[in-house]
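Engineer: Requesting a structural model of the entry that follows:
(6 chains)
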Protein chains: 6
Amino acid sequence: MSRNDRKPDEIRPVKLEINTNKYAEGSVVIEVGDTKVICNATVEEKVPPFMKGQGRGWVTAEYSMLPRATHTRNIRESAKGKLGGRTMEIQRLIARALRSVVDLQALGERTITVDCDVIQADGGTRTTSITGAFVAMCLAVNKLEEQGKLKRYPITNFLASVSVGVVENEALLDLRYDEDSNAAVDMNVVMTGSGEFVELQGTGEDRPFSRAELNQMLELGEIGVQQMISVQKQALGANALKIGNHEIGGLA
Amino acid sequence: MSRNDRKPDEIRPVKLEINTNKYAEGSVVIEVGDTKVICNATVEEKVPPFMKGQGRGWVTAEYSMLPRATHTRNIRESAKGKLGGRTMEIQRLIARALRSVVDLQALGERTITVDCDVIQADGGTRTTSITGAFVAMCLAVNKLEEQGKLKRYPITNFLASVSVGVVENEALLDLRYDEDSNAAVDMNVVMTGSGEFVELQGTGEDRPFSRAELNQMLELGEIGVQQMISVQKQALGANALKIGNHEIGGLA
Amino acid sequence: MSRNDRKPDEIRPVKLEINTNKYAEGSVVIEVGDTKVICNATVEEKVPPFMKGQGRGWVTAEYSMLPRATHTRNIRESAKGKLGGRTMEIQRLIARALRSVVDLQALGERTITVDCDVIQADGGTRTTSITGAFVAMCLAVNKLEEQGKLKRYPITNFLASVSVGVVENEALLDLRYDEDSNAAVDMNVVMTGSGEFVELQGTGEDRPFSRAELNQMLELGEIGVQQMISVQKQALGANALKIGNHEIGGLA
Amino acid sequence: MSRNDRKPDEIRPVKLEINTNKYAEGSVVIEVGDTKVICNATVEEKVPPFMKGQGRGWVTAEYSMLPRATHTRNIRESAKGKLGGRTMEIQRLIARALRSVVDLQALGERTITVDCDVIQADGGTRTTSITGAFVAMCLAVNKLEEQGKLKRYPITNFLASVSVGVVENEALLDLRYDEDSNAAVDMNVVMTGSGEFVELQGTGEDRPFSRAELNQMLELGEIGVQQMISVQKQALGANALKIGNHEIGGLA
Amino acid sequence: MSRNDRKPDEIRPVKLEINTNKYAEGSVVIEVGDTKVICNATVEEKVPPFMKGQGRGWVTAEYSMLPRATHTRNIRESAKGKLGGRTMEIQRLIARALRSVVDLQALGERTITVDCDVIQADGGTRTTSITGAFVAMCLAVNKLEEQGKLKRYPITNFLASVSVGVVENEALLDLRYDEDSNAAVDMNVVMTGSGEFVELQGTGEDRPFSRAELNQMLELGEIGVQQMISVQKQALGANALKIGNHEIGGLA
Amino acid sequence: MSRNDRKPDEIRPVKLEINTNKYAEGSVVIEVGDTKVICNATVEEKVPPFMKGQGRGWVTAEYSMLPRATHTRNIRESAKGKLGGRTMEIQRLIARALRSVVDLQALGERTITVDCDVIQADGGTRTTSITGAFVAMCLAVNKLEEQGKLKRYPITNFLASVSVGVVENEALLDLRYDEDSNAAVDMNVVMTGSGEFVELQGTGEDRPFSRAELNQMLELGEIGVQQMISVQKQALGANALKIGNHEIGGLA
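Structural biologist: Numbers count the residues shown, from 1 in each chain, chains lettered A, B, ... in the order given. Okay, here's the model as predicted:
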């Protein structure tokens, strides 16, 4: 099973459409290969109870898959009456990643919730969600800025994510579903525009992995994230220049 | 508030795209004005426990809205841990309507589940779901037929739905959200290609309604459903001819 | 299966007893044939959060069946841990119907909750609940009036409900359970004392229905509702005269 | 607050009507003072999984209160999505008590479920439920016997229950709600027709109680239970003679 | 099956270790034979909503078993999504018992929650929990006293609990699990240091029990409780003298 | 806040006691500093439905904290009615890690469930759970081997875990709670006895981290894991020699 649609260090074609929802403050439809996610950012002028009165904002995220985003139909979590462990794990990851590049003080006492709904899944739904959610969040922040509601621009750096893995002893970038299911090792890499890590989650699904394999995967991850950030910059246009132009982070 | 985007007896522009999902046996994206619903039909070779061994099939449906399908964000039902009354009511309606034009004996001992996920809501999400779900179901049935799995074609008639209402004492066809919120009376009409009723649900939201108003609404409903069925026929192409070519129903 | 206990356009014997509960502000036990429902109205001096501070009241309803109200025992919804779709649909219908004849401004900032508990079910439990709940609500309102808590009488019209259907191509009024299970078409009609519609819910359970059949059912519905309202008036006695004596509705 | 409706060692008027439900195998409406409970017994030809294939039957019970059985309205447990601790405690008690007088071997591999639904509550709902549930169970068993389905009569003894308590240092039998709320000590006594204890649950609500007080309460309990059993015998008529006429228990 | 580890009127070896948790205001590990329970008391400076502003405190308790506290593994209640009836019954009992020896006025507007987590179960987990929870509560109260937060010492009496039962017609004190599973009658006795009853819960698991048997069990219970209280006094040391030195109860 | 209880590359004192539960097939109490976890392994002769009939075994884990394992009391997840995201994330991690060193074929069609219950938490509860759970699993497997139930020894390698982090720009091994709350970067490292990675989860809690920082943390992690494995070997004694003596992994 050698990859034949592209080289081991190449990502799949990425399509990122913005302003796709007439109500959301920020909205994106992102496609990475056949994986397709709708990311809608909502701004609400309130924060969770534990943060009230601190003058700081909050960023959170939710993740879900349509029942038929996958080969066979999954029962809805709303019908089951509870969120599964995988869903919770992923939405906690997305939210944590987004917050790592937001100056919550600058955001002010309001909440941005980014909903990532997977319409079609072909591997990398959580990394694709992060990459798309970042842009949806930027668009919502831009709207706040246009309305003069922000003291300073709160997004401190670009943020994107890709999956990497080891399949049949070969390190691969951006795994399709069929590659992912056969991966011995599987890693999600979330990085900033400055080339630093925000989240690293590596799992030896099938066998442990060596330091050398880890290094190989990290290098592929860096390549992939940089390409994702290029797509983000293109989608954001002139607004991309605002990101990171302040004391906290530096633009790549 | 007189309607200015079209005449009282006109429906909004309808767009119906088919085969939009690479996994689902039947898939449709339907837009009626700014209301946009993804309808995915799944075929499973089993029936619910209470129907086992009877040689008959089953058709069911589920309905959901993305959190930001609406002006403000709604909390996910999966996060709340239960389906709301509105959701249950709607998905029971969709399923009942679909079953009314399916010969379950002809379908054989298998289940078709049609998932209707509202991506954007601007009035008429339940009627739009029915109209789209019918086509998704047809596509799934066509795939079964191509695979030689059906004794005879099980869909007995076309099926579509529109909303009608009375706004400021004027009967209107196909209400937008802003019209719906101001409607004194609100009715959902589900009809077959033969012009018969499958479901009628009329509510005097603001005040009771007279027999004369009912009649006016029914006439608008009939006009709207016929237009929806034209769109369905176009989307199904040559396959549309199969529907109803047998003993149970008659093609309009 | 021709009906032999009465003519097609006749309702079953109706028994409506009032003040059956020593705690409830309004209480009724209603029997329509072998269908028996306890309706208790509770007045609480508060409104739901979304209505606070508007000076308007609220009317809501809940519906439940004892486990052995039916031929075989049903598992309690409290034991299942959630309300079923049918229950939600019915209690939403009852509440909506009651509100349609209440001037919420006149009620003042308080809530009336009518609990409809089906003790024995033999068809028409939701229509019987509406007919009984209306009287329980009136009794609770009368108590508020006696206590001088109302600016003006808030009930604007009588309200009752019956089921109609088509069984073996014959339109029937007020279906027993065995008729209902064999009905091709099934419709619930909720009307005011002025002969206008509040809710119409018609379903082609077994086959679609024509405009002619719809008209036949509506006529039977009107007959049935008028008879139910006669029973209500008798139960309410002199108090019945207050209903609708004001600007909004007119007494039949 | 000295009791003025009867003497300290008297129970309230008891009314026990049988065959009140047209579907249930055994049905009773029992009133003890203003406390009113519907008890319906259902026979199902199956046992819980953990008892399958042992040739023994099972007896279980469920307990619920209508929302307005009490002074103020309680939220339904079905709406809350879970049974409260009090409900679970009570229905476990009822079921345990019933089983103590049933020879499960003689019952055969079937389940009797007795539903106790409190229509109106004025103290002693759990003890009244036990007293009524016993009769409903007997009626269901009698039906099984008439159908020739039993090897031998499975009910081994009479069973009834009353509450006793200490209010203002006076021991009282069969507490009304207002007495119960002021009781320093509260005890539920479940006894057989042979005068033996099946369950004793005493609680020092307000203060601990002495051995002497315990003895006083037990004597009142015995008096009350015997009176309840007289009412049961009258309701069961000639059938009462069957109970306990076999090797396990002895009729009082 | 005659008991051979000790005489019928003897309790198992008791071990009570205090201050076992570095965070809890009061903490105890209690072992009665092979039954082992961790009791942690938490003080929070708030009361439940229904008690706000009355100047009185509250005492509550929670009970749980580790999945493998028993011979075979039990599914966690957190995984099931709800507390079982047995758990609710037990934690209500523990809380009620603790409150019976606390002067809530003296405690002041704060809550003590005692968590009883069973690490290993060999009969008598609820009675052992009560005996341990009492000491954990005392330790937490002592801490409040040392901090000068109490007007007067709120614990009015000692409190402990043991199980008693009838196994093969012999009354036994403090049942092991194997004895408990074979007991015809089973009773939990909760008493104060003054020898009065706080809770009595007796169940004829296998057969009814006579007044004579009840008396025998009560005598054993008294013996057992006194021994448990001796252990408590030893663990509390000099602080034990404070308990009950005030107007409400008297120290044994 | 420079660490003063030990050097940056030192772990806290570790205590690992075995056979602490009289029922569990494998049991361990592990303490790492003030973090204390009970790990009980249960063997059940069945596998989850999705694995039936494949001749392979399964290993799973559950994780929970006592309410007062922490500075302030946490509400029980059983009382909330659902598992939180953090719990799910952790128990999925523990289970995945354990499975990575088990030859499921060799285990045979049975399930080992390791329950990790945190009695006291002072940082590193998930890594401590993994280290303890591995030993509990080994003990359970040893029991199976003694009973002659295994074809070959199924544990292929040692497995342990530590946390590492960056606090005030200093990389630290095995973080206490106060260090963890101040960590800019936080990483959990799970490794085998052969020095390979099984899981890596790094999070830039406060700021992104560089490749250099990652490398520093990985080196500390390796040191810590080797020390944990020494403790495990000592606890397992002679049995430690069996681990990895077969074709799949190699003993360090």
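
Engineer: where does the stretch 151-252 of chain A dip in pLDDT?
Structural biologist: Within the stretch 151-252 of chain A, the segments meeting pLDDT under 70 span A:245-252.

Engineer: Can you mark which positions in stretch A:108-121 are buried?
Structural biologist: A:108-121 (16 or more other Cβ atoms under 10 Å in any protein chain shown). (Each C-beta comes from the backbone N, C-alpha and C, glycine too.)

Engineer: just checking: which of these also lie near chain C?
Structural biologist: Among those, no residue lies close to chain C (Cβ under 8 Å from any Cβ of the partner chain).

Engineer: So A:V32 sits against A:A121, correct?
Structural biologist: No: here A:V32 does not reach A:A121: they are 10.7 Å apart, not a contact under Cβ atoms under 8 Å.

Engineer: doesn't A:G33 make contact with A:R176?
Structural biologist: Yes: when contacts are counted by Cβ under 8 Å, A:R176 is listed as touching A:G33 (6.3 Å).

Engineer: Give me the common contacts of these two.
Structural biologist: Taking Cβ atoms under 8 Å, 6 or more residues apart in numbering or on different chains as the criterion, A:R176 and A:G33 both touch A:R12, A:D122, A:G123.

Engineer: If we only consider those residues, which is nearest to chain E?
Structural biologist: A:G123 (29.8 Å; Cβ to the nearest Cβ).

Engineer: okay, now that closest one: neighbour count?
Structural biologist: 22 (other Cβ atoms under 10 Å in any protein chain shown).

Engineer: cool, and A:G237?
Structural biologist: By other Cβ under 10 Å, the residues close to A:G237 number 9.

Engineer: and the longest helix seen in chain A with helix F:211-236, angle?
Structural biologist: Ranked by residue count, the top helix of chain A under DSSP state H comes out as helix A:211-236. Orientation check (axes from the mean of the first three to the mean of the last three Cα atoms, to 10 degrees): helix A:211-236 against helix F:211-236 gives 140 degrees.

Engineer: nearest residue to the residue in chain A that chain C sits nearest to other than its sequence neighbours?
Structural biologist: Per Cβ to the nearest Cβ, A:G81 is where chain A lies closest to chain C, at 7.0 Å. Leaving aside its sequence neighbours, A:G81 sits nearest to B:G81 (Cβ to Cβ, 6 or more residues apart in numbering or on different chains; 5.1 Å).

Engineer: contacting residues around that neighbour?
Structural biologist: If you count contacts by Cβ under 8 Å, 6+ apart, then B:G81 has A:G81, A:K82, D:G81, F:G81, F:K82 around it.

Engineer: The last one: how many residues sit nearby?
Structural biologist: One way to gauge burial is a neighbour count; for F:K82, by other Cβ under 10 Å, it gives 17.

Engineer: separation between A:F197 and A:N4?
Structural biologist: Plainly put, A:F197 is 31 Å away from A:N4 if you go by Cβ to Cβ, to the nearest Å.

Engineer: who's more crowded, those two?
Structural biologist: Taking neighbours as other Cβ under 10 Å, A:F197 and A:N4 compare with A:F197 leading, 25 against 5.
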